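Engineer: When you get a sec, could you give me coordinates for this:
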Amino acid sequence: MVQKWVGKHWVTGETIEVQVKDGRISSITKATEEAENWIAPGLIDVQVNGIGGFDINSHDSTVETIQNVVRVLQEGGVTRFCPTVVTGTKERILHCVKTIAKACEIDPVVNHAVIGIHVEGPFISTEDGPRGAHNRDWVRDPDWDEFLEWQEAAGGRIRKVTLAPEKPGAIPFIENLAKVGVVAAIGHSNSTEEDIQKAVNAGATMSTHLGNGAHPYIKRHPNYIWAQLAEDQLWAGLIPDGHHLPYSTLKVMVRAKGKKAILTSDAVNLAGLPPGRYHTHINDDVVLEEDGFLHLASTPDILAGSATPLHVGIEKVLKNELFSLEEVINMASLHPAELFGLTDDGVGTLEVGSPADFILFNWGKEKDFTILQTISMGS
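Structural biologist: Okay, here's the model as predicted:
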């Protein structure tokens with residue numbers, strides 16, 4: 001059965017008809033009818049801790065938790081993502097990666113949506129500021145045997161690990177990640193420029209939420225933000241919620257990173273929930289402000305992840321006229337697909353033969369960026 005959707009191409013503005021057969025795009029032609037809505041590749045979010053009240057990092061997360069995360073993400077236009085498991089006890093990390101793996105095994109929708117698991121920590125800085133909202137009690141030094149336990153529990157699904165390259169044993173750990181094809185990302189780090197260069201030479205290819213997981217005040221230069229920004233081999237995950245990075249900073253970082261800039265939400269389970277004070281099992285009390293700013297109750301200048309879904313961050317960036325629609329969509333679809341080597345299969349693109357993962361949305365001077373429909377696996 002052939003299905004079709006019509007919309008304005010997110011780059012050219014030309015109204016096109018996209019036909020889908022057997023989960024793949026079978027044809028793209030100029031439409032005979034005009035459309036008000038736009039069409040673009042599905043969004044890809046490389047850092048999702050939870051959303052809509054569903055917590056990937058909970059001690060009691062279940063297959064249903066992961067299924068609900070996928071459902072809520074798709075409502076916001078995200079067709080592929082990296083479930084992110086953060087610093088915790090060995091037992092909790094193993095539980096979380098096992099749960100994600102089980103969800104992938106029994107649910108083809110989840111299996112399609114999950115690019116791979118991202119483990120953020122626990123091999124990060126213990127220092128206040130760079131550690132961010134991660135619980136210091138669970139921070140530890142890189143341990144390859146522990147990673148192998150995670151990977152076994154995950155059924156080989158771990159695709160990215162964030163760590164601090166200044167930690168003892170971090171450089172050989174990064175070398176090992178590179179050998180097995182896992183993205184080694186620098187984050188929550190108090191690195192020197194020399195540390196960062198060693199990490200890149202060892203095989204690190206990304207900066208996790210560049211500009212965050214950092215001291216509130218640092219020496220103007222040199223510092224670990226400039227060093228990562230200047231390193232051409234590093235992709236950069238950037239959070240566009242307006243709280244993690246001022247828009248002027250985001251604009252400059254994107255200009256520096258170019259085709260290696262990736263927009264990501266870093267959404268936590270509180271994303272989409274009402275403002276208020278919440279207690280979490282990871283970092284005790286946090287406060288979600290009316291404007292979406294989420295921070296530790298005890299330390300207002302330390303963020304506790306993001307409460308802004310990716311499509312809302314995209315809307316904020318567009319409304320502030322930082323980048324074109326084409327640039328924003330590419331940073332949230334094509335670029336993350338390229339990071340993980342998925343473009344050979346057409347992921348992150350809207351082309352004949354590519355997977356039928358795309359979004360229909362409204363956008364314009366008088367309209368919000370609104371997801372009308374998310375097509376995943378052709379339906």
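Engineer: dump the residue contacts of the residue nearest to N212 when sequence neighbours are not counted.
Structural biologist: Spatially, and ignoring its direct neighbours in sequence, N212 is nearest to H244 (5.0 Å; Cβ to Cβ, 6 or more residues apart in numbering). Bear in mind the C-beta positions are built from the backbone N, C-alpha and C, glycine included. Contact analysis of H244 by Cβ atoms under 8 Å, 6 or more residues apart in numbering lists H209, G211, N212, D266, L303, S306.
Engineer: got a markdown table for those residues, with distance to K198, secondary structure and neighbour count too?
Structural biologist: Shown next, in a markdown table, are the contacts of H244 (distance: Cβ to Cβ, whole Å; DSSP: H, G, I helix; E, B strand; the rest coil; neighbours: other Cβ atoms under 10 Å):
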| residue | distance to K198 | secondary structure | neighbour count |
| --- | --- | --- | --- |
| H209 | 21 | coil | 26 |
| G211 | 21 | coil | 20 |
| N212 | 22 | coil | 23 |
| D266 | 26 | coil | 29 |
| L303 | 28 | strand | 23 |
| S306 | 30 | strand | 30 |
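Engineer: nearest to V110, of the residues you listed?
Structural biologist: Closest approach between the contacts of H244 and V110, by Cβ to Cβ: D266, at 20.5 Å.
Engineer: Quickly list what the nearest residue to that closest one once chain neighbours are set aside is bridged to.
Structural biologist: Nearest non-adjacent residue to D266, counting by Cβ to Cβ, 6+ apart: S306, 4.4 Å away. For S306, the beta-bridge partners are A267 (DSSP bridges).
Engineer: Hmm, S306 is touching A267, no?
Structural biologist: Yes. If you go by Cβ atoms under 8 Å, S306 and A267 touch, sitting 5.4 Å apart.
Engineer: ok so, going back, can you name the two of the contacts of H244 that sit furthest apart?
Structural biologist: Pairwise distances across the contacts of H244 peak at 13.0 Å for G211 and S306 (criterion: Cβ to Cβ).
Engineer: what about W150, which SS state?
Structural biologist: Under DSSP: H, G, I helix; E, B strand; the rest coil, the three-state class of W150 is helix.
Engineer: contacting residues for it?
Structural biologist: If you count contacts by Cβ under 8 Å, 6+ apart, then W150 has I93, L94, V97, V119, I158 around it.
Engineer: Identify, from the residues you listed, the entry nearest to V20.
Structural biologist: Checking those against V20 by Cβ to Cβ gives I158 as the nearest, at 31.2 Å.
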